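K.L.:
quick one, what's the 3D model for this:
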Amino acid sequence: MKPIVLTMQAFGPFADKQLIDFRTLGEKSFFLIHGPTGSGKTSILDGICFALFGDSSGGEREARQMRSHHADVDTLTEVSFDFSLGKKRYRVRRSPDQMRKSKRGDGETKQNATAELSRVESTGETDIETPITSGWSKVNAAVVDLLGFESTQFRQVIMLPQGKFREFLMSGTNDREKILQTLFGTEVYKRIEEALKLAAKRVAEESEKVRTQQKTLLDQASVESLTLLETQLEQQTTDLASRQSNLVTATAAATIAEDGLNHARLVSTKFEEADSAQAALQAKNAEQPGWVSRRAQLAAARNAATITPYEVALVDL
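P.N.:
Next up, the predicted model:
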């Protein structure tokens, strides 16, 4: 993060509007804030921290305690901070809970806290703001996403105000680890480590699953090891080959037997037909005497038929 412009009004010891333009430093990345005690050095850090997170650089004062006691009731406490991340520029504005002059009458009314975060694009002398979010907690969350620091970590790493360096050194291991991860950009390695741990866990789970399946198969095969299972498989493969050979032989024999059976059935059918024909012939032979008598009667009838016209004529005469 690179500070650009800080504007404070009725904030801390400053009754009026104060503008600090960090652009006058040029490309210098190292500078000193100095002055006599009480001149407002820490208030600059307070203003930056308040604009970003809504609290002071030391973390001792709340937002509503930031209002200047020297400001008149008509001047509202406001802080605006422009900063850049890479090539992008952002502007955050905050105003704490405070009492302001009532628009009607001579009394006072409460002014609720406000917070806004915008993206800023400069076109010459004009700044174009694109709102990102608003609301105290939403702006806090958005700033944390942008900077990668929470308020406490920001104060410990970025600001380290007077008397607070020891606080960073005395902070817990987990807190320092998070701060240093963000500060030195090692978060990507942390994510890689977590991804590898997750992958290793999945591999272990798959391995355990395979081992369980293997044990189940061994139990089903009634063997105790893969070696015995392989021996059993080889024996079964040999038995299968032998049985397949026997099956081929048996199939060929069955084909021959089936052909013989079909031929036998055909011969049997022919014999049955011959027996039936023989019986029919015997029946016809048994009827032969009757047919001789009938042939004689037929011959006589034919002879009689030749004289029938004469008989008719005789009757007519």
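K.L.:
can you give me the helices in the stretch 151-300 of the chain?
P.N.:
Along the stretch 151-300 of the chain, counting by DSSP state H, counting those that start in this stretch, helices occupy 151-154, 165-170, 173-183, 187-220, 226-286, 288-316.
K.L.:
export those helices to JSON lines and tack on mean pLDDT, mean neighbour count and distance to Lys87?
P.N.:
Yep, even glycine has a C-beta here, placed from its N, CA and C like the rest. As requested, the helices of the stretch 151-300 of the chain are exported to JSON lines (pLDDT from 0 to 100; neighbours: other C-beta atoms under 10 Å; distance: least, C-beta to C-beta, whole Å):
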{"stretch": "helix 151-154", "mean pLDDT": "78", "mean neighbour count": "20", "distance to Lys87": "22"}
{"stretch": "helix 165-170", "mean pLDDT": "58", "mean neighbour count": "11", "distance to Lys87": "30"}
{"stretch": "helix 173-183", "mean pLDDT": "66", "mean neighbour count": "14", "distance to Lys87": "20"}
{"stretch": "helix 187-220", "mean pLDDT": "86", "mean neighbour count": "10", "distance to Lys87": "21"}
{"stretch": "helix 226-286", "mean pLDDT": "87", "mean neighbour count": "10", "distance to Lys87": "61"}
{"stretch": "helix 288-316", "mean pLDDT": "85", "mean neighbour count": "9", "distance to Lys87": "130"}
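K.L.:
now render those helices as CSV, adding distance to Lys17.
P.N.:
Converted to CSV, the helices of the stretch 151-300 of the chain look like this (distance: least, C-beta to C-beta, whole Å):
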stretch, distance to Lys17
helix 151-154, 25
helix 165-170, 32
helix 173-183, 33
helix 187-220, 38
helix 226-286, 82
helix 288-316, 151
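K.L.:
right, and these - which one's nearest Gln111?
P.N.:
Proximity to Gln111, assessed across those by C-beta to C-beta, is greatest for helix 151-154 (23.0 Å).
K.L.:
in terms of secondary structure, what does the closest one contact?
P.N.:
Packing contacts for helix 151-154, counted by 3 or more C-beta pairs under 8 Å, 6 or more residues apart in numbering; DSSP states H and E, involve helix 41-53, helix 173-183.
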